[in-house]
Each structure stands twice: as C-alpha cells, then as structure tokens.
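Student: after the sequence you'll find the predicted model.
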Amino acid sequence: MVVLSVPAEVTVILLDIEGTTTPIAFVKDILFPYIKENVKEYLQTHWEEEECQQDINLLRKQAEEDSHLDGAVPIPAASGNGADDLQRMIQAVVDNVCWQMSLDRKTTALKQLQGHMWRAAFKAGSMKAEFFEDVVPAVRKWREAGMKVYIYSSGSVEAQKLLFGHSTEGDILELVDGHFDTKIGHKVESESYRKIASSIGCSTNNILFLTDVTREASAAEEADVHVAVVVRPGNAGLTDDEKTYFSLITSFSELYLPSSA
Ligand SMILES: CSCCC(=O)C(=O)COP(=O)(O)O
Ligand SMILES: [Mg+2]
C-alpha cells in the first residue's frame, strides 16, 4: 500500500465531501435528481415561509449577477398580480435552479435552497448519505491521534450536517469539529483557506486539505495549506502533470500520521 506521511506540523484535517468522503455518484444520481424532481412542489408548498423567501431573494440576487451569462434565467420581483404572477415566479425559480444545476454551479444561493430541500428527505429517513468505507475508520483514528477534523464543501453547512447526521454509517456528526461552506469564500480562492485557518485559530500550514479537485488543491496550496488529491472511482481524471505534481491518495487509510505510530 502507498503511504503518504502527514507533516508533523499538521493538526487539522480539512475534508471536501463530493469525490472525497462521498461518491460523486451519490450526489449526481440521488441528491441532485431529488432537487430537480421536487423543486416546483417544494416552492409551491413553502412559498410563504420566511426561509423560502430568503432563499428566493438570494437566488434573485444571484440571477442579477448572472444576467450577462449565456442562457441565464432571470427571476422577476413580485408584481402582486395574483395567482398567475405567483405561478410565473415559481416557474422562473424552477428554471433558474435547473439552469444552475445543468452547469453544476456552486453558488451559495443554489446550495442554500438545496440544503433546505434535502432536510425533509433526510429527516424522514428516505435518504441516507453514502461515505467511502475507509472514511469513518480513518477519521476516528485521526481524532484518537489528536487531530481536529473539519469539512469544507460547496454544499451548505446545513446540508453537510444532514449528510453526516443521516448516513449509512449512522449519525457521524460527532466526528466533525466544524464545517465551512462558500459563505467563507469559494474553494478555488486561496483567501478562503486563510479565513478558515483564522476561524479555526491555527496557521494555514497546520492544515492538510483533502480534495478531488486540483483547482481547489492549488488554491489551498497557494495559501500554504498542505494538500493531497483524492482519487476515487467516478472522479474526473487527472492530467499527467497533475498526477506528477500533487500527492495522491486513493483511500484515507494511505495517510500516515507520525503521531499515531
Ligand atoms: C453537502 S454536499 C452536497 C453535494 C453538493 O451540493 C456539493 O456541491 C458538493 O461539493 P464539494 O465541494 O463537496 O465537492
Ligand atoms: Mg469535491
């Protein structure tokens, strides 16, 4: 087995979710279709609720920022003209959500609505999050060795907690010391990793970030964060240069912590 030694200065392991702890197939085949199939009904049922209105306002602001993009779908403000107007607005939100999802966009607005929609399915037990089999044993071992474990995903913090709280391995939320999402900044921007370190109360070089996306790994590395790229079944392929440049692991069990020897 290949072993990657974790530098002695690392005290925090920061984990991506999709493609790192969790198969991309679970996200693409279960989580995302749930949104597409249920978004219209969800909006019709929850429209009057404050949380839903906040989500729609955020989507509307995002739609304004996106107006220059090809195929962008605007969300009109309410004109107060009765049931037809409401149905037009709901359809615009549905179209906007589907357009964003067709591009796999990671906007905070989209991710917030998705998290709120998944809540019902996870809480009802009709959806359980999948984790690669090496994840839970490794995280337990790291924590026994004194490491802190944080999550940084484009999925909202609320969605992250749903996944860890309702998984095929049971409720594993207690294995996580904290969560970050795009509210701290985008994962391809190095400033996000500096903010995460400052929020945890450590230096960036105390963090090891595990992700499947090399643009995220590069941004973290630019901020002096240690990185390893996680190669999992179903992940996007890496170029030869990426394979040479980055430390690669195919399982969390390949990480060797000197402190746990
Ligand atoms: C709570 S994660 C749900 C999946 C998701 O929406 C997503 O965008 C995952 O992105 P990641 O940054 O974990 O690759
Ligand atoms: Mg990922």
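Tutor: Looks like it arrived, so ask away. Numbering: from 1, shown residues only. Ligands and ions are numbered 1, 2, ... in the order given.

Student: near ligand 2, which residues of this protein are found?
Tutor: Residues of the chain found near ligand 2 (C-beta under 5 Å from the ion) are Asp16, Glu18, Gly19, Asp212. All C-beta spots, glycine's among them, are computed from the backbone N, C-alpha and C.

Student: please spell out the ChimeraX selection for the buried subset of those residues.
Tutor: Buried subset of these, written as a ChimeraX selection, criterion 16 or more other C-beta atoms under 10 Å:
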select :16,18,19,212
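
Student: just name the closest of the residues of the chain next to ligand 2 to Asn81, please.
Tutor: Closest to Asn81 out of the residues of the chain next to ligand 2 is Glu18 (40.6 Å), distances taken as C-beta to C-beta.

Student: show me what that closest one bridges to in the sheet.
Tutor: Applying DSSP bridges to Glu18 yields these beta-bridge partners: Thr22.

Student: surely it meets Ala25?
Tutor: No - counting by C-beta atoms under 8 Å, Glu18 stays clear of Ala25, with 9.9 Å between them.

Student: report all helices and strands that the top helix by length along the chain contacts.
Tutor: Determined from DSSP state H, the single longest helix within the chain is helix 82-102. The contact analysis (3 or more C-beta pairs under 8 Å, 6 or more residues apart in numbering; DSSP states H and E) places helix 82-102 against helix 32-46, helix 50-65, helix 108-123.

Student: pick the most buried one from the ones you listed.
Tutor: Using mean count of other C-beta atoms under 10 Å, the stretch among those with the largest mean neighbour count is helix 108-123, at a mean of 21.

Student: quick check: what element follows it along the chain?
Tutor: Toward the C-terminal end, the helix or strand that comes next after helix 108-123 (DSSP states H and E) is helix 135-144.

Student: pull out the buried positions in that following helix.
Tutor: Val135, Val136, Ala138, Val139, Trp142, Arg143.

Student: now Ile13: which helix or strand?
Tutor: strand 12-15.

Student: from the chain's centre, how far out does that strand sit?
Tutor: 14 Å (C-alpha atoms, centre = their mean, to the nearest Å).

Student: give me the mean pLDDT for it.
Tutor: The average pLDDT within strand 12-15 is 98.

Student: by contact count, what packs against that strand?
Tutor: Looks like strand 12-15 contacts strand 148-152, strand 207-211 (3+ C-beta pairs under 8 Å, 6+ apart).

Student: and the ones you listed, which is most packed in?
Tutor: It is strand 207-211: most buried of the helices and strands packed on strand 12-15 by mean count of other C-beta under 10 Å, with a mean of 25.

Student: ok, it: who's next to it in the sheet?
Tutor: strand 12-15 (parallel), strand 226-230 (parallel).

Student: do that strand and ligand 1 come into contact?
Tutor: No - applying C-beta under 6 Å from any ligand atom, one finds strand 207-211 separated from ligand 1 by no less than 7.3 Å.

Student: what's the first helix or strand after that strand?
Tutor: As the chain continues past strand 207-211, the following element, by DSSP H and E, is helix 214-222.

Student: on that earlier part again, do you know which of the strands paired with strand 207-211 lies nearest Ala219?
Tutor: From these, taking C-beta to C-beta, the stretch that ends up closest is strand 226-230, at 9.3 Å.

Student: could I get the contacting residues of whatever residue of the stretch 151-261 of the chain ends up closest to ligand 1?
Tutor: Ligand 1 sits closest to Gly155 of the stretch 151-261 of the chain, with a gap of 2.3 Å, by C-beta to the nearest ligand atom. Gly155 is in contact with Ile17, Glu18, Lys111, Gln114, Gly115, Leu163, Asp181, counting by C-beta atoms under 8 Å, 6 or more residues apart in numbering.

Student: among these, which ones lie close to ligand 1?
Tutor: The subset of these within reach of ligand 1, by C-beta under 6 Å from any ligand atom, is Ile17, Glu18, Lys111, Gln114, Leu163.

Student: closest to Asp240 among the residues you listed?
Tutor: For the ones next to ligand 1 among the contacts of Gly155, with Asp240 as the reference and C-beta to C-beta as the criterion, the closest is Glu18, at 24.1 Å.

Student: appreciated, that's everything.
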